[in-house]
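Q: sharing a sequence plus its predicted fold:
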Amino acid sequence: MRTRRPGTVVVAVVAVVLAVVGFAGGALLAGLLDEEPRALATAAPVPAVSPSYPADPPAEVVADPDTPALEPGVRTRPVEIAVAPYGLRLPVPVGWTRSDSQLGEWKWFPPDQPTDNAFFLRVRLIGGTQTRSSALQQRLDDLGGASSVEDLVVESRDEAGFTATYVLDRYRRVAMERFLSVDGDTAYAAIALVGRERDRRGMADLVERIVRGATTS
């Protein structure tokens, strides 16, 4: 009787296993090759959305006082404020009433004007060694930072001054402010006319005439 060796059985079993595995692997590979290519997943772009910020409500504006507009060419007279060597001589409109509002500042109002919401002249002395440019910028910063001032718009600006509009106490104001200097650099005084839109022509005429006529005393 022929006896089988154990090694022969083991070899046969391994061969069968390898054949089965090879068949299954081939079938799996064939299945993968037969499938349609799959697209890789990508993130679709999301439309950008602008962040929402709370907007300040528009400034409330009431009608201007119905008094006559400031016209160009009003007559002026010379006045002197403060004392030498820090005094200032300048022309102011005839008939306007002077008000010493605070130390180092003077205002003039036209006659029969019920409030200061029409137009007025303001002159302020500037002490120290502040330059015109820094005095101008400080004035704009003060206006922009004032809680009572709304909707500030600087229309024009140069080394000598600025023209701006803003809302104060619900009235739309036009401000023309000029800065005087003795040496061309150091600020000495600020001359401002504040009024309504209807006063603009008269304000532009008057403020330039005052600046041209101002001298130290």
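A: Received it, and whenever you're ready, just let me know what you need.
Q: mind listing the helices for this structure?
A: In the chain, the helices defined using DSSP state H lie at 6-34, 132-145, 200-213.
Q: ends of stretch 89-102, how far apart?
A: Distance across stretch 89-102, first residue to last, is 18 Å (CA to CA, to the nearest Å).
Q: quick revisit: rank the helices of the chain by pLDDT, which is bottom?
A: Within the helices of the chain, confidence is poorest for helix 6-34, with a mean of 42 (mean pLDDT).
Q: contacting residues around A187?
A: 126, 130-132, 134-136, 179-181 (CB atoms under 8 Å, 6 or more residues apart in numbering). (C-beta placed from N, C-alpha, C; glycine too.)
Q: select only the buried ones of the residues you listed in ChimeraX?
A: Those of the contacts of A187 that count as buried under 16 or more other CB atoms under 10 Å are selected in ChimeraX with:
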select :126,130,132,135,136,179,180,181
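Q: the contacts of A187: which two are farthest apart?
A: Within those, S134 and L180 form the most distant pair, 14.4 Å apart (CB to CB).
Q: circling back to that earlier point, closest one of the contacts of A187 to L152?
A: Nearest to L152 among the contacts of A187, with distances taken as CB to CB, is L136, at 14.3 Å.
Q: okay, the closest one and G128: tell me how far apart.
A: As judged by CB to CB, to the nearest Å, L136 and G128 stand 15 Å apart.
Q: what's the answer for R89, then?
A: As judged by CB to CB, R89 and G128 stand 21 Å apart.
Q: who's more crowded, these two?
A: Shown here are R89 and G128; by other CB atoms under 10 Å, R89 has more neighbours (14 against 7).
Q: what bridges to the more buried one?
A: Assessed by DSSP bridges, R89 has beta-bridge partners E80, T215.
Q: let's number from 20 now, not from 1
A: Yes, from this point I'll number from 20; that puts the last item at R108.
Q: list the contacts of it.
A: Taking CB under 8 Å, 6+ apart as the test, what R108 contacts is 97-99, 233-236.
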